[in-house]
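Student: the amino acid sequence is not available; the structure is as follows:
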């Protein structure tokens, strides 16, 4: 029953075509060209939905409503298909102004404003259900469906790479479009390096890719979005590892060409074949979904392999994972947030940086010496242990160090503190001897240390120092950061393996 009958309809009603998606003319769907026949059972049917919207609309021209309109269109694209929603009108309908159309040029101007001047924000109706601690499957699915597509409607021709990264971090963008953005920026960096090398004979360092990712992470911090920051870090690691693979392959190709030329066996068409293979490889970036497996799963799988004794044996399909990506400067961003999820992402970036630049290796050695010195003095003097306890309590109170519990007096009076720190020093020594600081094994060793901590004080401070983290990082924060860093490197290794098998590379074998 409609008030006033079918002759009077409120202004905010939206009409739908009845009988499934698409407009059928002469037995074909206008959007997809698919044959639709009632006789064959492929025609209109209410089982496939009630049809497509004629338009999407809002009632006010505020930024919240406008961005909600863009997210709703993205969700329709995901649910109904881009081919069906192409050219769908976006409207503002009010009793005073009637119908106003949000034209293509206005939509692009809106995206520019979002990237340049607007403080980014999440969808308020689902933000509290898509955090690192609380994640609802239905709300996460909606968040995925609302991601903007940076490859659609010439967005990349209107916005700069920095602006696209801010949109991705602050408002959310699809994995494919973010991966394409990062790959294009990477190719630009590589092209500049090649040009400089050809002209000057030296290759300069170009950090445009890192700058782009930092812009995106900054926008994610401003919007408080853990998921988009995690997406950016994982995709950055993937793209950076692909860059190293291409550089290695390029050097190998040059060596092979030189060797073939010296032997006089260069066949016609080999250059074009290699170029084609390189181009196809450059575009083959496996996107990493925002809802990829939770970070602890990667660490648990690695620990399980180690427990089963399979860690030390490489199968014929094993690929050596790439080292950590070039470091990101996230010190300023870490100081600007207290979000558990964002601290985990920015902490993971710092962990990868410490592994890549050698800082972790240097600080581990310093830490072991410091612990052994404390143990030696603590075994000789109870007064030294009491003074250490008082200093620790003062630090916890003055600096608000992220400890799970205050330092236990009896732990220092007895030999428990000495035993704990002896064990910690031994575990660090073993980690130094048995691992490469740029490998997953190092992260596994650190994760085992964190998992064995119950009420750490000095040990947590030293672990923060090794990884370059500040004193807000509790045991849980450090564990999450290590797990996400392991996730990044694990997915990078899986990407390498898939690319290697596609290209017919010979796996590394023992």
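Tutor: Looks like it arrived, so ask away. Everything quoted here is computed from the prediction, not taken from an experiment.

Student: helices of the stretch 51-200 of the chain, residue ranges please.
Tutor: With DSSP state H, counting those that start in this stretch as the definition, the stretch 51-200 of the chain shows helices at residue ranges 63-80, 82-85, 104-116, 137-145, 155-158, 161-170, 175-200.

Student: confidence-wise, which of these is weakest overall?
Tutor: By mean pLDDT, the lowest-scoring of these turns out to be helix 82-85, with a mean of 81.

Student: sorry, back to before: deepest-packed of the helices of the stretch 51-200 of the chain, please.
Tutor: Neighbour counts averaged per stretch over the helices of the stretch 51-200 of the chain are highest for helix 161-170, at a mean of 25; criterion: mean count of other CB atoms under 10 Å. Where C-beta positions appear, they are placed from N, C-alpha and C, glycine not excepted.

Student: for that helix, packing partners?
Tutor: Taking 3 or more CB pairs under 8 Å, 6 or more residues apart in numbering; DSSP states H and E as the contact definition, the neighbouring helices and strands of helix 161-170 are helix 104-116, helix 175-200, helix 208-223, helix 226-263.

Student: distance to residue 29 for these - can I get that in CSV?
Tutor: Supplementary listing: the helices and strands packed on helix 161-170 in CSV, determined by distance: least, CB to CB, whole Å:
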stretch, distance to residue 29
helix 104-116, 25
helix 175-200, 25
helix 208-223, 38
helix 226-263, 34
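
Student: and of these, who's closest to residue 82?
Tutor: Across the helices and strands packed on helix 161-170, residue 82 has its closest neighbour in helix 175-200 (12.1 Å, CB to CB).

Student: and that closest one, what does it pack onto?
Tutor: Counting contacts by 3+ CB pairs under 8 Å, 6+ apart, the secondary-structure elements packed against helix 175-200 are helix 161-170, helix 208-223, helix 226-263.

Student: that helix to helix 137-145, inter-axis angle?
Tutor: Helix 175-200 and helix 137-145 meet at an angle of 40 degrees, taking axes from the mean of the first three to the mean of the last three CA atoms, to 10 degrees as the criterion.

Student: shaky segments in this structure?
Tutor: Per-residue confidence of the chain (counting by pLDDT under 70) places the weak regions at 1-23, 44-51, 200-205, 243-322, 392-413, 433-435, 454-457, 495-510.

Student: quick one, strands of it?
Tutor: Applying DSSP state E to the chain gives strands spanning 24-25, 28-29, 56-58, 90-94, 98-101.

Student: how about residue 65, nearest residue that isn't a chain neighbour?
Tutor: If the residues on either side of it in the chain are set aside, residue 65 comes closest to residue 58, at 4.2 Å by CB to CB, 6 or more residues apart in numbering.

Student: is the one you found in a bridge, and if so with what?
Tutor: Taking DSSP bridges as the rule, residue 58 bridges to residue 92.

Student: could you do residue 25 as well?
Tutor: Under DSSP bridges, the beta-bridge partners of residue 25 are residue 28.

Student: residues near the closest residue to residue 182 other than its chain neighbours, how many?
Tutor: The shortest distance from residue 182 to any non-neighbouring residue, by CB to CB, 6+ apart, is to residue 239 (4.4 Å). The local packing of residue 239 (other CB atoms under 10 Å) involves 24 other residues.

Student: now residue 476
Tutor: Burial of residue 476, expressed as a neighbour count using other CB under 10 Å, amounts to 15.

Student: before we move on, what about the one 4 residues further on?
Tutor: When neighbours are counted by other CB under 10 Å, residue 480 registers 23.

Student: over to residue 174?
Tutor: Other residues near residue 174 number 23, with proximity taken as other CB under 10 Å.

Student: can you redo the helices of the stretch 51-200 of the chain as TSV with distance to residue 223?
Tutor: Formatted as TSV, the entries for the helices of the stretch 51-200 of the chain read as follows, by distance: least, CB to CB, whole Å:
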stretch	distance to residue 223
helix 63-80	11
helix 82-85	26
helix 104-116	11
helix 137-145	12
helix 155-158	19
helix 161-170	5
helix 175-200	15
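
Student: of these, which is nearest residue 225?
Tutor: Using CB to CB as the criterion, the shortest distance between residue 225 and these is 7.2 Å, found for helix 161-170.

Student: between helix 175-200 and the closest one, find me the angle.
Tutor: With the same axes, to 10 degrees as the basis, helix 161-170 and helix 175-200 are set at 150 degrees to each other.

Student: returning to that earlier point: ok, which of the helices of the stretch 51-200 of the chain comes nearest residue 371?
Tutor: Distances from residue 371 to each of the helices of the stretch 51-200 of the chain were compared by CB to CB, and the smallest falls on helix 161-170, at 38.9 Å.

Student: I'd like to know how far residue 24 sits from residue 38.
Tutor: Noted for residue 24: a distance of 9 Å to residue 38, by CB to CB, to the nearest Å.

Student: what of residue 425?
Tutor: Between residue 425 and residue 38 the computed distance is 78 Å (CB to CB).

Student: more crowded one of these two?
Tutor: residue 425 (21 against 11).

Student: with adjacent residues omitted, what lies nearest to that one?
Tutor: Leaving aside its chain neighbours, residue 425 sits nearest to residue 371 (4.2 Å; criterion: CB to CB, 6+ apart).

Student: correct me, but that neighbour touches residue 424?
Tutor: Yes: at 6.3 Å, residue 371 and residue 424 qualify as touching, with contact defined as CB atoms under 8 Å.

Student: between those two, which contacts overlap?
Tutor: When CB atoms under 8 Å, 6 or more residues apart in numbering defines a contact, the residues bordering residue 371 and residue 424 alike are residue 462.

Student: which of the helices of the stretch 51-200 of the chain sits closest to residue 28?
Tutor: Between residue 28 and these, the tightest spacing by CB to CB is seen for helix 82-85, at 13.1 Å.

Student: which other helices and strands contact the closest one?
Tutor: Counting contacts by 3+ CB pairs under 8 Å, 6+ apart, helix 82-85 packs against helix 63-80.

Student: hmm, who's touching the helix it packs on?
Tutor: Around helix 63-80, the neighbours that count as contacts under CB under 8 Å, 6+ apart are 21, 52-53, 56-59, 85, 88, 90, 102, 107, 110, 113-114, 118, 121, 123, 142, 144-149, 171.

Student: nearest to residue 34 among the helices and strands packed on helix 161-170 would be which one?
Tutor: From the helices and strands packed on helix 161-170, taking CB to CB, the stretch that ends up closest is helix 175-200, at 24.0 Å.

Student: that closest one vs helix 208-223, what angle?
Tutor: With the same axes, to 10 degrees as the basis, helix 175-200 and helix 208-223 are set at 140 degrees to each other.

Student: wait, what's in contact with residue 430?
Tutor: residue 445.

Student: so how far is residue 436 from it?
Tutor: The span separating residue 430 from residue 436 equals 14 Å under the rule CB to CB.
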